[in-house]
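Visitor: Dropping the sequence and predicted coords here.
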Amino acid sequence: MTGHPVQVWWARLEDARTGLRALLDPVERVRYESTVDPAGRGRFLVGCALSRLVLGELLGLPPADVPLRRVCPRCGGPHGKVHLAPPPDGPAGTPAAYGHCVTFSVTHSGTLVGVAVCRGGEVGLDVEESHGDMDVDSAARVALSDAELAALYARPTAERQPAFLRTWTRKEAVLKALGVGLGVPLRELEVSGPEQPPAVLAWPARLATRPQMSMADVVVDGMHPAAVAVAGFGAGEEEAEAGGVRVEAGGVRVTVHDGSEALAACGC
């Protein structure tokens, strides 16, 4: 078997039910309660609960005990990229030790919420819900390089939105894997064309580190584009769990699971 294994779990905004709040830690509960927008509050709840269920199963921990931390690199507040932070005194071989080699990424768009988990590399996941009223022109001017813009406008109008979203998800996944988010201008990161295997063609000059990056395209519900990126492979490879839908591309082996089913089965 080739490729690096990544498990991706998809859930929906409609999976947000009150009982899932029992899985949140105190910091997450405060953020949940303070989120005014109902849809944003629901997506946050589903993303946290699903992350805890998936990681708890992988690490052999109760979901509520999974040590998730969010620290903003600019202000130190509890709203930065979420990551595993095992206790520093956890002995080798215990579930806590897995935190050094397990990474995950959370994404949401519209009613979709996804969680990707990977061992041996930094993983990034992005999804974009397709819809007809998207302003592709404005978004493309912000996100695409000059070469990518020219290629986009060489397409018929009807093909531009799906082509743009495929490119956008690849870029977002790469930046999430690097842990820099939108702190790096998307125009300076160039990726391969939508019909080509996903790959980074040009890196932003300001990036100090440019690791080996492997990628895979995914489609959710047959219509919504998503992408997975993994930076910095580990020496060993682990097999993904049996079941799910497998996608192989660009050195990443993706196994897709039903996150809605996992949330419904947790009994919260």
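Guide: Looks like it arrived, so ask away.

Visitor: CA atoms for contacts and neighbours, from now on please.
Guide: OK.

Visitor: next SSE after the helix-or-strand element of the chain with minimal mean pLDDT?
Guide: The weakest-scoring helix or strand in the chain, judged by mean pLDDT, DSSP states H and E, is strand 245-249 (a mean of 59). Scanning forward in sequence from strand 245-249 by DSSP states H and E, the next helix or strand is strand 252-258.

Visitor: List the buried residues for that following strand?
Guide: Residues of strand 252-258 classed as buried by neighbour count (16 or more other Cα atoms under 10 Å): 252-257.

Visitor: and the spatially closest residue to residue 102 that is not a sequence neighbour, how many neighbours?
Guide: In space, and not counting its chain neighbours, residue 102 is closest to residue 119: 4.6 Å by Cα to Cα, 6 or more residues apart in numbering. Residues lying near residue 119 (other Cα atoms under 10 Å) number 25.

Visitor: pLDDT below threshold where in the stretch 1-150 of the chain?
Guide: Within the stretch 1-150 of the chain, the stretches with pLDDT under 70 are 1-3, 72-80, 86-100.

Visitor: What segments of it are helices?
Guide: For the stretch 1-150 of the chain, the helices defined by DSSP state H, counting those that start in this stretch occupy 26-34, 38-59, 136-143, 146-153.

Visitor: if I look at residue 196, how far off is residue 49?
Guide: 35 Å (Cα to Cα, to the nearest Å).

Visitor: Comparing the two, which residue is more hemmed in?
Guide: Neighbours per residue, other Cα under 10 Å: of residue 196 and residue 49, the larger number sits with residue 49, 24 against 8.

Visitor: can you pull out the strands in the protein?
Guide: Assignment of strands within the chain using DSSP state E yields the ranges 4-12, 68-70, 82-84, 102-109, 112-119, 122-127, 190-191, 200-202, 213-220, 224-231, 245-249, 252-258.

Visitor: can you redo these as a markdown table with distance to residue 39?
Guide: Output for those, formatted as a markdown table (distance: least, Cα to Cα, whole Å):
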| stretch | distance to residue 39 |
| --- | --- |
| strand 4-12 | 11 |
| strand 68-70 | 21 |
| strand 82-84 | 20 |
| strand 102-109 | 10 |
| strand 112-119 | 11 |
| strand 122-127 | 16 |
| strand 190-191 | 31 |
| strand 200-202 | 33 |
| strand 213-220 | 20 |
| strand 224-231 | 19 |
| strand 245-249 | 28 |
| strand 252-258 | 21 |
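
Visitor: So for residue 172, which of these sits nearest?
Guide: Among those, strand 122-127 comes nearest to residue 172, with 6.0 Å by Cα to Cα.

Visitor: Return the alpha-carbon coordinates of the closest one using CSV.
Guide: Extracted in CSV, the C-alpha atoms of strand 122-127 (Å, rounded to 0.1, in the frame of the first residue of the first chain):
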residue,chain,number,x,y,z
GLU,A,122,0.8,17.9,9.6
VAL,A,123,-2.6,17.6,8.0
GLY,A,124,-4.8,20.4,6.6
LEU,A,125,-8.4,20.0,5.4
ASP,A,126,-10.7,22.4,3.6
VAL,A,127,-14.2,22.2,2.1
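
Visitor: Residue 111: which of the helices of the stretch 1-150 of the chain is closest?
Guide: Of those, nearest to residue 111 by Cα to Cα is helix 38-59, at 7.7 Å.

Visitor: From residue 42, how far out is the most centrally placed residue in the chain?
Guide: Note on the chain: the residue nearest the mean C-alpha position is residue 125, at 2.3 Å, using Cα atoms, centre = their mean. According to Cα to Cα, residue 125 and residue 42 sit 19 Å apart.

Visitor: and residue 117, what are its bridge partners?
Guide: Beta bridges link residue 117 to residue 7, residue 104, judged by DSSP bridges.

Visitor: Make sure it is actually in contact with residue 7.
Guide: Yes: if you go by Cα atoms under 8 Å, residue 117 and residue 7 touch, sitting 5.3 Å apart.

Visitor: Including distance to residue 220, could the helices of the stretch 1-150 of the chain go into CSV?
Guide: Output for the helices of the stretch 1-150 of the chain, formatted as CSV (distance: least, Cα to Cα, whole Å):
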stretch, distance to residue 220
helix 26-34, 26
helix 38-59, 16
helix 136-143, 20
helix 146-153, 23
